[in-house]
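Undergrad: please find the sequence and the predicted model below.
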Amino acid sequence: TRPAEKSSSLAEQLETLGAEVEELPAIALAPVRPNGSFRDAVNGIPKTDWVFFTSPEGIGWFSRMLKPYRKDVRWLSGCHIGAIGPKTAASIEEAGLHVDFVPKRFSQEGVLEYLPRRVLSGKRALILSAAESRDVLAEGLRRRGMAVTKVPIYRTVLPNALTAGLKMFQQPFDLVTVTSASCVDHLHQAMNASGKRKQFQRLCFASIGPVTSAAVRTLGGQVAVEASVSTVEGLVEAIVRSIRGKRPARATHGGHRGLP
């Protein structure tokens, strides 16, 4: 259910291991409208101590939004940069910037847990994220004495093709992979609109981490697999571990059906 431009990496890993994979993107990314809050944030960057990115896509959207101001990502060169996880850090460093902090647990909660408290009080932070993202990081940093500005740089939308693609649920799947709460929410919306609400509750979800799992359970779904490390690789590892734990010792024929 990942965005179309990102689903292939998960699908390829599962197919290499023998799964039959169907791709049904439940999320698409779209720009936010130009707004004064972004302009003010850009102007305030020279006085900003920390800039946090909460997704691998963030640096690309930020770069595009900077162009009307005749600036590029080097405008952040005087700031400390925090990334929510290794994939986000890699995308930032590919853009030519140094990442100062990546938490050991790849979530907003992880950033708050592992960022040294002594560097926060009295400092200014800018969080660049999706319009619908949670406020856990912003609120936590404020409690620790930081002046925080949170600015949306893109938004998640429900793909037009999602509802039409739900016909594939006429056949059972062993697992439905979900890599964000937005994927879960959009899939649930589309299934409700298609009269498949009860079917959502019968699906077995493979979740990338606790935040995504919480979204599944809130909507009445069942989490069969949860990655201990919130990455695509961690999700694949958790799926393999779960299947090995269930299957009999003797050899079996046929693949498992998965839906990333």
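TA: Good, I have the coordinates.

Undergrad: ok, residue 57 touching residue 133?
TA: No - shown here, residue 57 and residue 133 do not form a contact pair, counting by Cβ atoms under 8 Å, at 11.6 Å. Placement of C-beta: from N, CA and C, glycine included.

Undergrad: give me the pLDDT for residue 246.
TA: What the model reports as pLDDT for residue 246 is 72.

Undergrad: wait, residue 238 sits on residue 224?
TA: No - using Cβ under 8 Å, residue 238 is not in contact with residue 224; the gap is 9.9 Å.

Undergrad: residue closest to the middle of the protein?
TA: Centroid check for the chain by Cα atoms, centre = their mean gives residue 180 as the closest residue, at 4.7 Å.

Undergrad: how about it, nearest residue that isn't a chain neighbour?
TA: Excluding its sequence neighbours, the residue lying closest to residue 180 (Cβ to Cβ, 6 or more residues apart in numbering) is residue 212, at 5.9 Å.

Undergrad: mean confidence for the strand or helix carrying that neighbour?
TA: Take DSSP states H and E as the rule and residue 212 turns out to sit in helix 210-218. Averaged over helix 210-218, pLDDT sits at 96.

Undergrad: go on, stretch 50-68?
TA: 95.

Undergrad: just stretch 181-196 next, same as before
TA: Stretch 181-196 shows a mean pLDDT of 93.

Undergrad: chain center to that stretch, what's the gap?
TA: 17 Å (Cα atoms, centre = their mean, to the nearest Å).

Undergrad: can you pull the buried residues of it?
TA: 181-191, 194, 196 (16 or more other Cβ atoms under 10 Å).

Undergrad: now stretch 26-42
TA: By 16+ other Cβ under 10 Å, the buried positions in stretch 26-42 come out as 26, 27, 28, 29, 32, 38, 41, 42.

Undergrad: pretty sure the second one contacts residue 189?
TA: No - the pair residue 27 and residue 189 fails to qualify as a contact (Cβ under 8 Å) at a distance of 11.0 Å.

Undergrad: residues in contact with residue 55?
TA: 84, 88, 129, 130 (Cβ atoms under 8 Å, 6 or more residues apart in numbering).

Undergrad: the longest helix anywhere in the chain vs helix 210-218, what angle?
TA: The residue-count maximum for a helix in the chain (DSSP state H) belongs to helix 232-246. Angle, helix 232-246 to helix 210-218, by axes from the mean of the first three to the mean of the last three Cα atoms, to 10 degrees: 60 degrees.

Undergrad: and helix 232-246, C-alpha only, in PDB?
TA: Taking C-alpha atoms only, helix 232-246 is exported to PDB below (Å, rounded to 0.1, in the frame of the first residue of the first chain):
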ATOM      1  CA  VAL A 232      11.300  -1.700   4.900                       C
ATOM      2  CA  GLU A 233      14.100  -4.200   5.600                       C
ATOM      3  CA  GLY A 234      12.900  -4.500   9.100                       C
ATOM      4  CA  LEU A 235       9.300  -5.200   7.900                       C
ATOM      5  CA  VAL A 236      10.500  -7.900   5.500                       C
ATOM      6  CA  GLU A 237      12.500  -9.500   8.200                       C
ATOM      7  CA  ALA A 238       9.500  -9.500  10.600                       C
ATOM      8  CA  ILE A 239       7.300 -11.100   7.900                       C
ATOM      9  CA  VAL A 240       9.800 -13.800   7.200                       C
ATOM     10  CA  ARG A 241      10.300 -14.500  10.900                       C
ATOM     11  CA  SER A 242       6.500 -14.700  11.300                       C
ATOM     12  CA  ILE A 243       6.000 -17.200   8.400                       C
ATOM     13  CA  ARG A 244       8.900 -19.400   9.600                       C
ATOM     14  CA  GLY A 245       7.300 -19.500  13.000                       C
ATOM     15  CA  LYS A 246       4.000 -20.700  11.600                       C
END
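
Undergrad: I am finished for the moment; much appreciated.
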